[in-house]
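Colleague: Take a look and give me a structure for this.
(one chain, ligands or ions: 1)
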Amino acid sequence: MLVQPPNAVAVRATAAGKEPLFSFGVIADVQYADIPDGRSFLGVPRYYRHSLTILQRAVRSWNAHNHKHPVAGGGVRFCVNFGDIVDGFCPKDRSLAAVQAVVAEFDRFHGPAYHMLGNHCLYNLPRSKLVSLLRMPSGRAYYDFSPFPGYRFVVLDAYDFSAVGWPRGHPVAAAARRFLDERNPNADKNSPSGLAGVDRRFVMFNGAVGEAQLRWLDGVLRGAARRREAAVVCSHLPLHPGAASPSGLMWNYEEVMRVVHRHGCVAACLAGHDHRGGYGVDARGVHHRTLEAALECPPGTDAFGRVDVYPDGLTLVGAGRMGSTDMRLQLHSPVTELS
Ligand SMILES: Nc1ccn([C@@H]2O[C@H](COP(=O)(O)OP(=O)(O)OC[C@H](O)CO)[C@@H](O)[C@H]2O)c(=O)n1
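Modeller: Modelled structure (predicted):
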């Protein structure tokens, strides 16, 4: 059975020729640092300064769209930054200034910016400091908000259970380290060498949603389903093997997706982290879009986007290296049994 949110009633038109209900801006993996260009561990060029220019162009584009389309209730109402605001190579005495420089660019956007934590954020600054600098509305790194009647956005903390971002000796860091030791035999736990298929996700630069956050997610989605809201889940780490390389996935993506599928109200899961980007639809009809990184765009190129939300789906309008993706609503009846 197809379940639709209240404002989907009787509207089955495609995006063409229709005004969106509202739009939001997206950008991922800015990884800004005021340092010369470099390369990833695997040799992919990274443009640490140019990524800030891309963010500036993104903000100008979102603001200009609102100027051109001053639709009542519509327009680019907010933007979402999918994490890794600063790069791990940023000299640590300049981490704070780098994050502040990026936040200052988001402040030029004429609406709220919603952030999430990535591994590179946590290489630079303590999570409590980041939660405050990034003005996370709940005072913690996971939260939800409703930007438009009938819609709910959920932001996950993908490093809630992780070996990064917790002080040495912290019980979470110690437990996450034991978790990795049991699954990754390499001395360097950032290396997926020898791991096969989705087991390649068991590396230190990934993490998981912890038990308390899973219970919170269950409650938020239960409430959304009861109110017949359509939900969008935002996470630094991708949640579907069809939309990312195995080494980029969240450790417990299956557990998170069981909660997501249980309520039948999630239209799409959006993510960053896997810089090449990806897209797939899972067996329950949930769209998974991993966004291309700003960091790996050579000067003169871009990677950011705008998502137009229609009663029957979401359309990502990508700029530059961020491809456009049409995601029609396929919400299903809730799954009552865990599979
Ligand atoms: N095989 C590897 C890969 C990486 N590392 C080290 O791990 C740290 C994080 O890697 P990095 O590529 O910078 O992580 P990102 O979050 O930018 O990107 C994630 C991937 O794209 C997911 O698909 C860094 O210190 C690397 O040197 C490693 O040791 N061995």
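Colleague: Next one, pLDDT for the residue of the stretch 201-339 of the chain found nearest the ligand please.
Modeller: Scanning the stretch 201-339 of the chain for the residue nearest the ligand gives residue 248, at 3.1 Å (criterion: CB to the nearest ligand atom). Bear in mind the C-beta positions are built from the backbone N, C-alpha and C, glycine included. Residue 248 is assigned a pLDDT of 98 by the prediction.
Colleague: which SS class is residue 181?
Modeller: With DSSP: H, G, I helix; E, B strand; the rest coil as the basis, residue 181 sits in helix.
Colleague: scratch that, residue 25
Modeller: Assignment for residue 25 (three-state DSSP): strand.
Colleague: ditto for residue 327
Modeller: Per three-state DSSP, residue 327 ends up strand.
Colleague: Report the contact partners of it.
Modeller: Listed by CB atoms under 8 Å, 6 or more residues apart in numbering, the contact set of residue 327 reads 267-268, 287, 289, 313-316.
Colleague: can you redo those residues as JSON lines with neighbour count?
Modeller: Output for the contacts of residue 327, formatted as JSON lines (neighbours: other CB atoms under 10 Å):
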{"residue": "267", "neighbour count": "23"}
{"residue": "268", "neighbour count": "23"}
{"residue": "287", "neighbour count": "25"}
{"residue": "289", "neighbour count": "27"}
{"residue": "313", "neighbour count": "19"}
{"residue": "314", "neighbour count": "24"}
{"residue": "315", "neighbour count": "20"}
{"residue": "316", "neighbour count": "21"}
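Colleague: Outside of the helix or strand hosting residue 147 itself, list whatever touches it.
Modeller: Assigned by DSSP states H and E, residue 147 belongs to strand 143-148. Here strand 143-148 makes contact (CB under 8 Å, 6+ apart) with 21-22, 24, 73, 77-78, 114, 136-137, 152-155, 220, 229, 309.
Colleague: what do you get if the cut-off is 10 Å, keeping everything else the same?
Modeller: Applying CB atoms under 10 Å, 6 or more residues apart in numbering, the external contacts of strand 143-148 come out as 7, 21-22, 24, 73-74, 77-78, 111-112, 114, 116, 131, 136-138, 151-157, 216-217, 219-221, 223-224, 227, 229-234, 309.
Colleague: got the angle between the helix or strand just after that strand and strand 143-148?
Modeller: Next along the chain after strand 143-148, taking DSSP H and E as the criterion, comes strand 151-155. Using axes from the mean of the first three to the mean of the last three CA atoms, to 10 degrees, the direction of strand 151-155 lies 150 degrees away from that of strand 143-148.
Colleague: Okay, now the sheet partners of strand 151-155, with direction.
Modeller: Strand 151-155 pairs in its sheet with strand 143-148 (antiparallel), strand 230-235 (parallel), by DSSP bridges.
Colleague: from these, which stretch is densest packed?
Modeller: Highest mean neighbour count among those (mean count of other CB atoms under 10 Å): strand 230-235, with a mean of 25.
Colleague: Distance from the chain centre to it, please.
Modeller: Relative to the centre of its chain, strand 230-235 is centred 9 Å away, using CA atoms, centre = their mean, to the nearest Å.
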